[in-house]
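Participant: 3D model of this:
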Amino acid sequence: MILAEIARTVPSEDAQQAVGYPTLFFLVALGSLVPVVPTGALVSTAAVVAFHQTDPFALLGVFVVSAFAAFLGDMGLYWLGRRGVHSKNGSRWLEALRSRVPQERLEKAQTKLDEHSKSVLVLSRLVPAGRIPVMLACLLGRMPLRTFARGDIPACLAWAAAYQLIGILGGSLFDEPWKGVVVAVALTLVVSGAPALWRKVRGTADPADPADPVEQR
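Facilitator: Numbering: from 1, shown residues only. Below you'll find the predicted structure:
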């Protein structure tokens, strides 16, 4: 596995931090802006490596970088979506978001957003595949950028903390970082796929469920 190989071959803590933090920031921001990168697995992997370092602030660095990158990516995507909402011809960013969300899911997200705006924004980051439907509901409801930002800050902090805890759990099981990376990535995939698996077992997929596997986190 590529992630495990990286964890084994990086020669020193200084090198890990010099390469790892900028790379983590770039990939998490990119994954938030273009939701195809598995950002949760990236954060968990970085947390495993940081867990095995002697620097007491390594885990804090991963948390801060991940949360900040996720916030900037969310804000960039929301800003681009707002341009589409206010444009006569829309935009490819807004259409890309629309194509990921069935109408029933969007209506349910809009209802929940009207009732509990801030808590829904936080949960949308924690529930796999929940971010895009809620963001689209915010866009169509013409929520101001500043209001969205206030709700997105705690959402990104909670998201970074959750996936970092997965990484710490994986890192604590093994002495060698690469083994912890494998476990952390596996746990992240399980968390991401659990809602879809549960619906498959039940045999009743609700298209309005905010946990539908539209977007892999």
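
Participant: mind checking how far V28 is from S44?
Facilitator: Using C-beta to C-beta, to the nearest Å, we find V28 at a distance of 12 Å from S44. C-beta coordinates here come from the backbone N, C-alpha and C atoms, glycine included.

Participant: if you count what's nearby, which of these two comes out ahead?
Facilitator: Each of V28 and S44 has its neighbours counted (other C-beta atoms under 10 Å); S44 has more, 33 against 29.

Participant: That one and V120: what is the separation?
Facilitator: 24 Å.

Participant: likewise Q110?
Facilitator: For Q110, the distance to V120 equals 10 Å [C-beta to C-beta].

Participant: what's the neighbour count on W79?
Facilitator: The number of residues packed near W79 is 12, by other C-beta under 10 Å.

Participant: so what does whichever strand or helix holds it touch, helix or strand wise?
Facilitator: Secondary structure assigned from DSSP states H and E places W79 in helix 58-86. Where contact means 3 or more C-beta pairs under 8 Å, 6 or more residues apart in numbering; DSSP states H and E, helix 58-86 is packed against helix 13-33, helix 39-51, helix 92-100, helix 131-140, helix 145-172.

Participant: Tabulate these (CSV), appending distance to F63.
Facilitator: Formatted as CSV, the helices and strands packed on helix 58-86 follow (distance: least, C-beta to C-beta, whole Å):
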stretch, distance to F63
helix 13-33, 11
helix 39-51, 8
helix 92-100, 28
helix 131-140, 19
helix 145-172, 5
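
Participant: lowest-confidence stretch among these?
Facilitator: If you rank those by mean pLDDT, helix 92-100 sits at the bottom with a mean of 66.

Participant: What's the local residue count around L157?
Facilitator: L157 has 19 nearby residues by other C-beta under 10 Å.

Participant: My read is that it contacts A67, right?
Facilitator: Yes: counting by C-beta atoms under 8 Å, A67 is a contact partner of L157 at 5.1 Å.

Participant: give me phi/psi at F57?
Facilitator: Main-chain dihedrals, F57, degrees, to the nearest 10: phi -100, psi 10.

Participant: Could you do P38 as well?
Facilitator: phi -70, psi 80.

Participant: what's the distance between it and L165?
Facilitator: Distance of P38 to L165, computed by C-beta to C-beta: 17 Å.

Participant: higher neighbour count, the two?
Facilitator: Shown here are P38 and L165; by other C-beta under 10 Å, P38 has more neighbours (18 against 14).

Participant: and the closest residue in space to G151 that isn't next to it in sequence, how many neighbours does it have?
Facilitator: Among residues not flanking G151 along the chain, L121 sits closest, at 3.7 Å (C-beta to C-beta, 6 or more residues apart in numbering). L121 has 27 neighbours, counted by other C-beta under 10 Å.

Participant: Looks like L121 contacts R131 (just checking).
Facilitator: No: contact criterion C-beta under 8 Å: L121 and R131 do not qualify, at 9.1 Å.

Participant: Which neighbours do these two have in common?
Facilitator: Here L121 and R131 share no contacting residue, scored by C-beta atoms under 8 Å, 6 or more residues apart in numbering.
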